[in-house]
Structure formats: structure tokens, C-alpha cells
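Asks: have a look; sequence and predicted model below, questions after that.
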Amino acid sequence: MKIAILSRNAKLYSTRRLIEACEARGHEPHVIDILKCYMDITPSKPAIWYRGQELEGFDAVIPRIGASVTHYGLAVIRQFEMMGVYCLTESVALGRSRDKLRALQLLSRKGLGMPRTSFAHNVHNTKELIQLVGGAPLVVKLCEGTQGRGVVLAETAKAAESVIEAFRELRAEFLVQEFIKEAGGSDIRCLVIGNKIIASMQRTAPDGEFRSNLHRGGSAQLVKLRPNERTTAIKAAQTMGLKVAGVDILRSSRGPLIMEVNSSPGLEGIEGATGKDVANEIIKYIEENARPHANRTKGKG
């Protein structure tokens, strides 16, 4: 198979592992920087051009698109979908997962557990926002932050008001969420492929930090999932429409609570913690499912 990996850096761990897995299984990988793509949006023959050449003959696309280039990345994925190329992560699913508010609304509609969350536009609603999530301590989270950036723990109501007002001054969109104290600075990352959890790890924040992201110095170890955690993670990925997803869950006194559904989960931490060859499982899934014009959205996103 001829497989396009949409990544801006071929040296990144996850991109390298996907290249290695493709080659090990006899496929032909091509790393493509989406920002260097340009598109011919012609009704009869939509096309994508890259470095002066038309991109043709691809059997599958693996999007590895950073949050900062989501908008253009979605356009490139939609173009591949219009061309009938199988996309591992479809445009609509990626768009849902990158919009934290929309993602939480979709998960809520399906009755999945999550921390109490509030969102508003008017600065005069600050006290009401805090009350809706049960008061301080609470978490204020930028809607477009990644890897723990733009996430602040406010220990008191006064601190929460200050953070919220500062974010409003910056005209930033953000969520206010309940702080789950019993999670103890840990969360669980479930790597879902298709309808299966391929690997899972528990991430724990370092001393003095509440964010468990590995990019923030958190540690990771193998964890055994409870049945309700397994069911929750798979249903969350399905709700987003993602064939590959990293679902982050907190263990709480009222069951598993979803923190985030990541459409482009990193492979380094989970492969290191679990010893699982996740990249190989992703390519295997593509082999079993990639067909021309097999995308649900077909570029209509």
C-alpha cells in the first residue's frame, strides 16, 4: 500500500514509528507536510499538489496534525476524502475532538461521565461559573490548549475569579471544570484502535504539579483497566467518530470521568510504558479497513 503520513516533522517519534511499521509490513510510506500542500478544488477532479507534484495513487492517509495547524489540516484531509482516499482520522472526527466544548457536549449527550463543566461569554457570569462546578478548587482550561498548556488549577474562589478574568481580557475561550481531588494527580490514557483498547497506561504528575502530561514531567506505568473504564473509553472514541484515539480518564468516586479524547495521540509514552507495538497495530488496522471511498464523511465535513 502507498500510505501518506501527514506530519510536519519526519523525525518525531510517532512519525518515525509509523514509517518503521509501514516498511516492516511491506508498505510505502510518504511523509507530507500539510502546510506545503496546495489544492485544486475542481468539481470533476479534486487534486492535491505537493512540492510541484500531484499526489496520486495513495491507498490511505494517516493524519498527524498539530493543534496549531488544525484549520488548514482539516482542509487537506477533506480534499483527500473528496478524492476517495481512505483517511484513518476523518475531517469531521478531527474537528470534533479539537473543539473541547463541542467534544464535551457530544460526550454529555451520550451520557458519558465527565467532570462538571461550565462555559460562558459574559465576564459578569464569573461567580455563577464557579458555583456551577461546585466551587473551588477548580480547573480553568483553554479550549484550544494541548499537552497541559493553558490549564490552571485555582485553589480558591478568589484565585479562580482572577484567572477567569485574565483569560477573558485575552479574549480566550475557556472551560471551567470541577477538580477531581480523589484522582490524586493521576489519569489513565487508553489507546483505542477501532473498537478495541490496544494499550493503557496510568500517568502521574510530579510533586507540586497537578497535570499528569508526560510533556510536563509526569511518569507513566502499565495499568489494568476496570470494565467500566474500558467501556467508557471505547464509547468515547466512537462518539467522536475516531478510529484511533487517546482517551484520557480520571478515576473518581462516581466512576470513570473523561477528560479528553485526543485524535492524534503520541506513541512514545504509551509504547514505552506498555511495551506494546502500537504503530504496528495502527498499520494493521489500515490494512484491514482501507478501501477507496470508504470514508463516512467523503469530504462533506
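Replies: Noted; the coordinates are in hand.

Asks: drop to CA atoms for contacts and neighbour counts, all remaining ones
Replies: OK.

Asks: the host helix or strand of E281 packs against which elements?
Replies: Using DSSP states H and E, E281 falls within helix 278-289. Using 3 or more Cα pairs under 8 Å, 6 or more residues apart in numbering; DSSP states H and E, the elements in contact with helix 278-289 are helix 13-24, strand 186-193, strand 196-204.

Asks: and the contacts of the helix or strand that comes right after the longest one?
Replies: In the C-terminal direction, the helix or strand that comes right after helix 13-24 (DSSP H and E) is strand 28-32. Applying Cα atoms under 8 Å, 6 or more residues apart in numbering, the set of residues contacting strand 28-32 from outside is 1-8, 10, 19, 22-23, 50.

Asks: just the buried residues of the residues you listed.
Replies: Buried members of the contacts of strand 28-32, scored by 16 or more other Cα atoms under 10 Å, are M1, I3, A4, I5, L6, S7, R8, A10, I19, C22.

Asks: out of those, which comes closest to E288?
Replies: M1 (11.7 Å; Cα to Cα).

Asks: what about the residue positioned nearest the centre of the chain, distance to F167?
Replies: In the chain, the residue lying closest to the centroid (Cα atoms, centre = their mean) is N262, at 1.6 Å. As judged by Cα to Cα, to the nearest Å, N262 and F167 stand 23 Å apart.

Asks: which residues in the stretch 101-250 of the chain form helices?
Replies: Ranges of helices within the stretch 101-250 of the chain are 126-132, 157-169, 227-240, based on DSSP state H, counting those that start in this stretch.

Asks: distance to E182 for the ones you listed - can I get that in CSV?
Replies: Below are the helices of the stretch 101-250 of the chain laid out as CSV (distance: least, Cα to Cα, whole Å):
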stretch, distance to E182
helix 126-132, 19
helix 157-169, 20
helix 227-240, 16
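
Asks: looking at these, which is closest to L142?
Replies: Using Cα to Cα, the helices of the stretch 101-250 of the chain put helix 157-169 closest to L142, at 8.4 Å.

Asks: dump the residue contacts of the nearest residue to K110 once chain neighbours are set aside.
Replies: Excluding the flanking residues, the one nearest K110 by Cα to Cα, 6 or more residues apart in numbering is T239, at 7.6 Å. Applying Cα under 8 Å, 6+ apart to T239 gives the contacts L106, L107, K110.

Asks: one more: S252?
Replies: I180, E182, A183.

Asks: could you rerun that using 10 Å?
Replies: G113, M114, P115, I180, K181, E182, A183, G184 (Cα atoms under 10 Å, 6 or more residues apart in numbering).

Asks: name only those of the residues you listed that count as buried.
Replies: Here, 16+ other Cα under 10 Å leaves G113, M114, P115, I180, A183 buried among those.
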